[in-house]
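compute the structure for the input listed below.
(one chain, ligands or ions: 1)
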Amino acid sequence: PSAIAVLTSGGDSPGMNPAIRGVVRAALHRGIKVFGINKGYSGLIIGDLEEMNSASVTNIVQRGGTILKSDRCEAFKDPAVRHQAAEVLKEKGIDTLVVIGGDGSLTGAHYLTLENDIRVIGLPGTIDNDIYGTDDTIGFDTAVNTALEAIDKIRDTALSHESLFLVEVMGRNSGFIATHVGIACGAEMIVIPEYEVKVDAISSQLASNREQGKGSSGIIVVAEGPKPGLTYDLAKQLKNHGQQPKVCILGHIQRGGIPSGHDRILASCLGASAVDYLCAGYNDIMIGVRRGKIVDTPLAQVIEKSKELDEALFQRALLLHK
Ligand code: ADP
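This next block holds a predicted model:
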């Protein structure tokens, strides 16, 4: 490539900074110019970008969020606006864009290269881990650990007051965070969008837990699901079944914080690999990881296919909590 630009887009995730650092340092090492674009596609459209050097990414490997800032940009769904974005890049002599973001951001990147003479490489940056073509996404591990830290504290209160807590974790339409968090915090139950919620079953499970002498305290981990308010609805239904649940929504704390060692390594390797793939002539792909190996998947597939939750893992989690 003549010059590369890099941006972060959509929901931020811990590890975006080491990913940026990986891209920048690998590009510079190969003598390729690299530009940082501020505020995702919104910044790209208006040409809010500057050349980066080694010092631009000094001391960021451990920082949460993204130094390039992130944004959502409805306008980028318009092909004319994407054409304008391509012109901005060409004017600066940039022929390649690295996009770090979730499903939506990768969709935008795919269309940008389909319609314009710009090459793109995507990196999976989201806490949700809901991206096809990779076992793991940048930020997922940190988000799971952040949720765990909070739930360990909630459990102290749950035990002291013998109360039942419904703890809502993020994950939009996917139950990855909830399943992993549920296993690791020893939740009594896990509720995820992939499976129908049967309030009767939850209630009788709680009753049988009590009979077994487990007391009435407990944690049920609930994935936020596609529409807000699901956890409060569930609490209401459980109240109708004689339970007294308290609700705790963990919310945005899960998106922030110092990236875990795992996420720093993943992000750094994916960032550097993006440059390797670009230099090898690849385009319109996402770089991910499968069984510990760096792999590439066409963006068209990443967008089209959905990543299935490991059902065996979920079933095991349910058994563990019985
Ligand atoms: P994430 O990347 O975390 O999934 P969003 O779904 O909000 O977050 O997408 C981030 C941005 O990606 C959007 O604001 C928009 O600029 C771009 N984008 C999303 N979907 C499309 C699409 N279908 N076509 C073009 N750009 C898109």
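
which SSE is Phe165 in?
strand 164-169 (DSSP states H and E).

then Asp263?
Here Asp263 is assigned to helix 261-279, by DSSP H and E.

domains of this protein?
Domains of the chain are assigned by automatic domain parsing as 3-139+259-304, 140-256.

give me every residue in the stretch 51-200 of the chain lying close to the ligand.
Contact residues, the stretch 51-200 of the chain versus the ligand (Cβ under 6 Å from any ligand atom): 72-73, 76-77, 101-105, 107-108, 111, 126. Every C-beta, even on glycine, is put in place using the N, C-alpha and C of the backbone.

hmm, try it at 8 Å
Neighbours of the ligand within the stretch 51-200 of the chain, by Cβ under 8 Å from any ligand atom: 71-77, 82, 101-108, 111-112, 125-126.

can you pull out the strands in the stretch 1-150 of the chain?
Applying DSSP state E, counting those that start in this stretch to the stretch 1-150 of the chain gives strands spanning 3-9, 33-37, 49-51, 96-101, 119-124.

how about the ones you listed in CSV, adding mean pLDDT and mean neighbour count?
Listed next are those as CSV, based on pLDDT from 0 to 100; neighbours: other Cβ atoms under 10 Å:
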stretch, mean pLDDT, mean neighbour count
strand 3-9, 98, 27
strand 33-37, 98, 23
strand 49-51, 98, 14
strand 96-101, 98, 30
strand 119-124, 98, 29
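
want to throw those strands into JSON lines with distance to Gly213?
Listed next are these as JSON lines, based on distance: least, Cβ to Cβ, whole Å:
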{"stretch": "strand 3-9", "distance to Gly213": "50"}
{"stretch": "strand 33-37", "distance to Gly213": "58"}
{"stretch": "strand 49-51", "distance to Gly213": "62"}
{"stretch": "strand 96-101", "distance to Gly213": "48"}
{"stretch": "strand 119-124", "distance to Gly213": "44"}
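
low pLDDT regions in the stretch 201-322 of the chain?
319-322 (pLDDT under 70).

for the residue in the stretch 51-200 of the chain positioned nearest to the ligand, which residues are in contact?
The nearest approach of the stretch 51-200 of the chain to the ligand comes at Gly104, 2.1 Å away (Cβ to the nearest ligand atom). By Cβ atoms under 8 Å, 6 or more residues apart in numbering, the contact set of Gly104 is 9-10, 72.

what's stretch 70-79 in contact with?
Here stretch 70-79 has contacts from 8-12, 16, 39-43, 45, 81-82, 85, 101, 104, 108, 111, 115, using Cβ under 8 Å, 6+ apart.

and it, end to end?
For stretch 70-79, the first-to-last residue distance is 21 Å (Cα to Cα, to the nearest Å).

would you mind listing the buried residues in that stretch?
Within stretch 70-79, the residues scored as buried using 16 or more other Cβ atoms under 10 Å are 70-71, 73, 76.

nearest to Asp263, of those?
Using Cβ to Cβ, Ser70 is the member of the buried residues of stretch 70-79 that lies nearest Asp263, at 16.1 Å.

backbone phi and psi for that closest one, please?
phi -130, psi 160 (degrees, to the nearest 10).

heads up, I number from 117, so please use that
I'll keep to 117 as the first residue from here, and by that count the last item is Ser186.

and the pLDDT at it?
Reading off the confidence values, Ser186 has pLDDT 97.

any idea how far it lies from Gly217?
Distance, Ser186 to Gly217, by Cβ to Cβ, to the nearest Å: 7 Å.

and for Glu340?
For Glu340, the distance to Gly217 equals 19 Å [Cβ to Cβ].

and Arg141, by the same measure?
For Arg141, the distance to Gly217 - Cβ to Cβ - is 20 Å.

need the single longest helix in the chain, by residues.
helix 256-276 (DSSP state H).

let me know the average pLDDT across that helix.
96.

what does that helix contact?
So helix 256-276 is contacted by 129-131, 180, 242-245, 279-281, 283, 285-286, 292-293, 296-297, 300-301, 303, 331, 333-335, 337, 364, 366, 369-376, 378-379, 382 (Cβ under 8 Å, 6+ apart).

cool, stretch 387-398 as well?
Against stretch 387-398 from outside (Cβ under 8 Å, 6+ apart): 117, 120, 134-143, 146, 148, 212, 214, 235, 237, 239, 401, 403, 410, 412.

give me the common contacts of Ser186 and Gly217.
Here Ser186 and Gly217 have 124-127, 156 as joint contacts, going by Cβ under 8 Å, 6+ apart.

deepest of the domains of the chain, which one?
With neighbours taken as mean count of other Cβ atoms under 10 Å, the domains of the chain reach their highest mean count in domain 119-255+375-420, at a mean of 21.

what's the span of it, first residue to last?
Domain 119-255+375-420 has an end-to-end distance of 29 Å (criterion: Cα to Cα).

cool, and stretch 343-361?
20 Å.

relative to Asp272, how far out is Thr182?
Distance, Thr182 to Asp272, using Cβ to Cβ: 33 Å.

that should have said Asn169, apologies.
The spacing between Asn169 and Asp272, counted by Cβ to Cβ, is 47 Å.
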